[in-house]
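Asker: Build me a model:
(chains A and B)
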Amino acid sequence: MDASGVSSADGIMEEPHVLAVDDNLIDRKLVEKLLRNSSCKVTTAENGLRALEYLGLGDDRQSSVTDNASKVNMIITDYCMPGMTGYELLKKIKESSNMKDVPVVIVSSENVPTRINKCLEEGAKMFMLKPLKYSDVKKLRCQLMQCRG
Amino acid sequence: MERNLHKQLGNMKKSLFDQGYLDEQFIQLEELQDEANPNFVEEVVTLYYRDSARLIQNIEQTLENNPLDFAKLDNYMHQFKGSSCSIGAKKLKNECTQFREHCKTGNGDGCKRTFQQLKKEYAALKKKLEHYFQVP
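Answerer: Numbering: from 1, shown residues only, chains lettered A, B, ... in the order given. Next up, the predicted model:
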């Protein structure tokens, strides 16, 4: 069993691995720093397709030979992205047998109730407004601990 | 001597906030800065100006089309607004919102007017931040 994302004896996640998906370069840099400062391992992806490829859920059958998926403890994705929206990415993740239990958090710069409900109904763990703050990441960490506990 | 520089920096920052150029998000950026990344804020701002220059150019070009593609304009502005918001650029954020309102109502003149104002604010903030980062 590899060392990343493994919980210690008392069930507290040492260094969760988060996959952060956002097409905006600045936001990717920010979320990465926020998470790293909060003792998370971070992988970023600039769109839904790349995220799926990383998780081994891409269309290219070769990419399914990966154990990246087993290391990821949480996925944070922007809602508005060209090509595949965060909602569509969420659906794909929930459809997959080995990733469906990984918490997915949707973030957006826009507070649209129908959008929020749609995502929560599809199984998103949380919906948060951008730009994220330390207090938001703290909330997320708590969520993660609950998941594993 | 060092105390004077500190004060200078503090005053500059205060005026940037008082004049509405920056908001709380800029403080969040500063809180992310640490020993591992001592120039984080400057890096992000530099990245922002580089990345958004492209967007500004795209918007400029798209505004020259006839008829105007409001969906395209709105899309560009959505991205620009997002980045501006993330660095705490308060005035810019407001100009972006106004621009997007004009897109919704198909107000081409409104878009062009707001964009001119936006470019002014964009350049002004850039100068102020360059000055701010120059203080050691």
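Asker: which residues pair with the residue nearest the centre of chain A across the strands?
Answerer: Most central in chain A under Cα atoms, centre = their mean is residue A:75, positioned 0.8 Å from the mean C-alpha point. When bridges are assigned using DSSP bridges, the partners listed for residue A:75 are residue A:19, residue A:104.
Asker: which residue sits closest to residue 99, ignoring its sequence neighbours?
Answerer: Went with chain A since none was named. In space, and not counting its chain neighbours, residue A:99 is closest to residue A:93: 4.9 Å by Cβ to Cβ, 6 or more residues apart in numbering or on different chains. Placement of C-beta: from N, CA and C, glycine included.
Asker: The intended chain is chain B.
Answerer: Going by Cβ to Cβ, 6+ apart, residue B:99 has residue B:114 as its nearest residue, at 4.6 Å.
Asker: Residue B:95 is in contact with the one you found, correct?
Answerer: Yes - taking contacts as Cβ atoms under 8 Å, residue B:114 lies within contact range of residue B:95: 6.0 Å.
Asker: just to revisit the earlier point, in three-state terms, label the residue nearest to residue B:99 for me.
Answerer: Using DSSP: H, G, I helix; E, B strand; the rest coil, the three-state assignment for residue B:114 comes out as helix.
Asker: ok, now residue A:127?
Answerer: The three-state label for residue A:127, taken from three-state DSSP, comes out as strand.
Asker: cool, and the one 4 residues further on?
Answerer: For residue A:131, the reduced secondary structure class is coil; criterion used: three-state DSSP.
Asker: Please identify the nearest residue in space to it, excluding sequence neighbours.
Answerer: The spatial neighbour of residue A:131 that comes closest, neighbours along the chain excluded (Cβ to Cβ, 6+ apart), is residue B:86 at 4.7 Å.
Asker: which ones are touching residue B:23?
Answerer: B:17, B:88, B:89, B:90, B:93 (Cβ atoms under 8 Å, 6 or more residues apart in numbering or on different chains).
Asker: Next to chain B in this structure, residues from chain A, please.
Answerer: Residues of chain A lying close to chain B by Cβ under 8 Å from any Cβ of the partner chain are A:23-27, A:29-30, A:33-34, A:37, A:80, A:109, A:130-131, A:133-134.
Asker: which residues of the chain score low on pLDDT?
Answerer: The chain I'm using is chain A. A:1-13, A:60-66, A:145-149 (pLDDT under 70).
Asker: hmm, I had chain B in mind actually
Answerer: For chain B, the ranges with pLDDT under 70 are B:1, B:136.
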